[in-house]
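Peer 1: need a structure here:
(one chain, ligands or ions: 2)
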Amino acid sequence: MNGNLKLAVQKKGRLTEKSLELLRHCGMEIENYSERLVVTVRNFPMDILFLRDDDIPEYVQDGVADIGIVGENVIYEKQSKTDTMEKLGFGKCSLQLAYPENKELKTLGDVNGKIIATTYPKILKDFLNKNNLDAKIIELSGSVEIAPSLGIADLICDIVSTGNTLMMNKLKKSFKVFDSEAVMISSSNANSKNEILNDLLGRIRSVLKARSSKYLMMNIPKNSLDEIIRIIPSLKSPTVLHLADEHLLAVHAVIPSDTFWQIFGELKSAGASGILLLPIENMIL
Ligand code: PRP
Ligand code: ZN
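Peer 2: Numbers count the residues shown, from 1 in each chain. Ligands and ions are numbered 1, 2, ... in the order given. Sure thing, here's the model as predicted:
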């Protein structure tokens, strides 16, 4: 046992690349992870364990890994005793009831008496109970989407992200059962490595914050400064610079990423020109 923090991530799947990308944005050098079960980060006291996502909650609960990155869907299903420390903003998907394109499911009540195949029996059972529905659940360990065409189920209950898997299997989503995204979980004995964990969490939070913001730069006519300040949200004190042309000012500001296209037109009408919107690599507040 080295004293490194042990982080579990999905070995191969929807969350793998995005989890590693987040770590790399946090400054971690991770090499050659393909085919390996454990990789030590080169410049940070952390080992990355590559595991099946379904196993991550249990490994973290038992302390084999100190922390893990996994979908909320898996955490709920496994009912493990772990703490959720941070929502990570990627891996967004939902657990959906889906049925063959040539059939119809008009109301949720039509689920009664049907056979539903899923890898999420616990979440599905809770959903059925909550809605007073009575259906038979068949638990499969994977490839749920082929169950209807094999004739072993009427419906499926599975994760939908882009919808490609459903489309390729001629299935349509109908009712949403659960929303999910990737989160960071920890075990109770991650405490002994608090210092490393806090360092990592601080970095992750600053990266997430930066991802939700953009750096806006533009030139404006001097006399429209007040109007520009009114248009830009969350702007307490923009950076205002003088330009060689004395009728103009340069204004720089950090804005929430999703507001840019809402204010773009107004900025133009207020006379803004040379508008640049840049990504922010890191943000420490
Ligand atoms: C889910 C699900 C589908 C896929 C759907 O698997 O079982 O295979 O994602 O994504 P799509 O709508 O973008 O096609 P998941 O990644 O959760 O991994 P799993 O292998 O552990 O089921
Ligand atoms: Zn899985």
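Peer 1: Tell me the residues on the stretch 151-285 of the chain that lie near ligand 1, please.
Peer 2: Residues of the stretch 151-285 of the chain lying close to ligand 1 (CB under 6 Å from any ligand atom) are 158-165. In this view, the C-beta of every residue, glycine as well, is placed from N, C-alpha and C.
Peer 1: let's go with 8 Å and repeat that
Peer 2: Taking CB under 8 Å from any ligand atom, the part of the stretch 151-285 of the chain that reaches ligand 1 is made up of 158-168.
Peer 1: Let me see the ranges of the helices in the stretch 1-150 of the chain.
Peer 2: Here the stretch 1-150 of the chain has its helices, by DSSP state H, counting those that start in this stretch, at 16-25, 56-61, 72-78, 121-130, 147-150.
Peer 1: Most tightly packed of those?
Peer 2: Mean neighbour count, computed with mean count of other CB atoms under 10 Å, is highest for helix 56-61 among those, reaching a mean of 23.
Peer 1: which residues sit against that helix?
Peer 2: Helix 56-61 has contacts (CB atoms under 8 Å, 6 or more residues apart in numbering) with 8-10, 49, 51, 65-70, 74-75, 78, 80-82, 185-187.
Peer 1: same thing but 7 Å
Peer 2: Counting contacts by CB atoms under 7 Å, 6 or more residues apart in numbering, the residues outside helix 56-61 that touch it are 8, 51, 65, 67-68, 70, 74-75, 78, 80-82, 185-187.
Peer 1: centre of the chain versus that helix, how much separation?
Peer 2: Per CA atoms, centre = their mean, to the nearest Å, the displacement of helix 56-61 from the mean C-alpha position of its chain is 19 Å.
Peer 1: Which segments of the protein make up each domain?
Peer 2: Under the assignment automatic domain parsing, the domains of the chain span 5-90+181-210, 93-180, 213-279.
Peer 1: Quick one: end-to-end length of the last one, please.
Peer 2: Between the start and the finish of domain 213-279 there is a gap of 7 Å, counting by CA to CA, to the nearest Å.
Peer 1: can you check stretch 251-269 too?
Peer 2: For stretch 251-269, the separation between the terminal residues is 16 Å (CA to CA).
Peer 1: what's the neighbour count on the nearest residue to residue 102 once chain neighbours are set aside?
Peer 2: Ranked by CB to CB, 6 or more residues apart in numbering and with sequence neighbours excluded, the top spatial neighbour of residue 102 is residue 170, at 7.7 Å. Summarising burial for residue 170: neighbours were counted as other CB atoms under 10 Å, giving 12.
Peer 1: Same question for residue 83.
Peer 2: One way to gauge burial is a neighbour count; for residue 83, by other CB under 10 Å, it gives 12.
Peer 1: With residue 220 instead?
Peer 2: Number of residues near residue 220 (other CB under 10 Å) recorded here: 23.
Peer 1: And for residue 120?
Peer 2: Applying other CB under 10 Å, we find 23 residues neighbouring residue 120.
Peer 1: ok, and the closest non-adjacent residue to it?
Peer 2: Excluding its sequence neighbours, the residue lying closest to residue 120 (CB to CB, 6+ apart) is residue 77, at 5.0 Å.
Peer 1: Buried residues, the strand or helix carrying residue 172. List them.
Peer 2: Residue 172 is part of strand 171-180, with elements assigned from DSSP states H and E. Residues 171-175, 177-178, 180 are the ones in strand 171-180 that count as buried (16 or more other CB atoms under 10 Å).
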